[in-house]
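*Asks:* 3D, please:
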Amino acid sequence: TIGDGVAVPATAGVYFDGGAHTYIKEVSADRLGIYAGGKLMLDLGENSDYIDMHAATVGIHSSDSQDPHFFIKNTNADANAPRFSLIKDSASPADNDDIGRIYAYGDNDAGEQMESMLIRNQMTDVSDGAEASKTTFYNYSGGTQYDTLVLDGYNAKVNNWLGIGTNPSTTIHAYGSAPV
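*Replies:* Predicted structure coming up:
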């Protein structure tokens, strides 16, 4: 022991299940690993710029009305903003590969979970020097999913009606002080 703490040799670990499956151990100098089921789940480094999570799914659960709340905060006094990145690092990238998806889910009045919104990004061309991407926004109406907005390269396509400054009553309906 050291003071009120416990000193554990670097080659040893602190085990929680009486065996060798759930423990905390030093991975290497100044790096701490949290293991569950004998598998490294979380890798924390003293001088690391990131936390490495070794899990296919990470869940944040809360029963509070305003939680869970996920945020990224940058307190550096410069012009750089915080970033949220979805990275697809493929050994064999191909045209039309999905690069990232963002979903929103909610319950309908039958208590069934439904996908309410989807933002989907694809690389439509992965050729070096000719890279192209497409982002599609999906929403639901009448129980059917629609691609309501498609950003393809430098083109934007609105499927159905577009209202600018008003609710649309025709395919394109703009409202302003001067005719459009």
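
*Asks:* Name every strand pairing with the lengthiest strand in the chain and say which way it goes.
*Replies:* Ordering each strand of the chain by length in residues (DSSP state E) puts strand 113-125 first. Note on strand 113-125: by DSSP bridges, its sheet partners are strand 97-107 (antiparallel), strand 132-141 (antiparallel).

*Asks:* any idea how far that strand is from the chain center?
*Replies:* Strand 113-125 sits 12 Å away from the centroid of its parent chain (CA atoms, centre = their mean, to the nearest Å).

*Asks:* again, but for stretch 137-150
*Replies:* Centroid separation for stretch 137-150 versus its chain: 21 Å, with CA atoms, centre = their mean.

*Asks:* Kindly check the end-to-end length of that stretch for me.
*Replies:* 6 Å (CA to CA, to the nearest Å).

*Asks:* Name the surrounding residues that touch it.
*Replies:* Here stretch 137-150 makes contact (CB atoms under 8 Å, 6 or more residues apart in numbering) with 114-120, 134-136, 156-160. Glycine gets a C-beta too; all of them are placed from N, C-alpha and C.

*Asks:* and the longest strand of the chain, which residues are buried?
*Replies:* For strand 113-125, a neighbour-count test (16 or more other CB atoms under 10 Å) marks Leu118, Arg120, Asn121, Gln122, Met123 as buried.

*Asks:* Look up the pLDDT of the last one for me, please.
*Replies:* Model confidence at Met123, given as pLDDT, is 96.

*Asks:* so what's it up against?
*Replies:* Lys88, Pro93, Asp95, Asn96, Asp97, Ile99, Glu131, Ala132, Ser133.

*Asks:* Pull the most distant pair out of those.
*Replies:* Lys88 and Ala132 (15.0 Å; CB to CB).

*Asks:* ranking the strands paired with strand 113-125 by burial, who's on top?
*Replies:* When those are scored by mean count of other CB atoms under 10 Å, the highest mean neighbour count falls to strand 132-141 (a mean of 15).

*Asks:* could you give the mean pLDDT of that one?
*Replies:* Mean predicted lDDT for strand 132-141 stands at 94.
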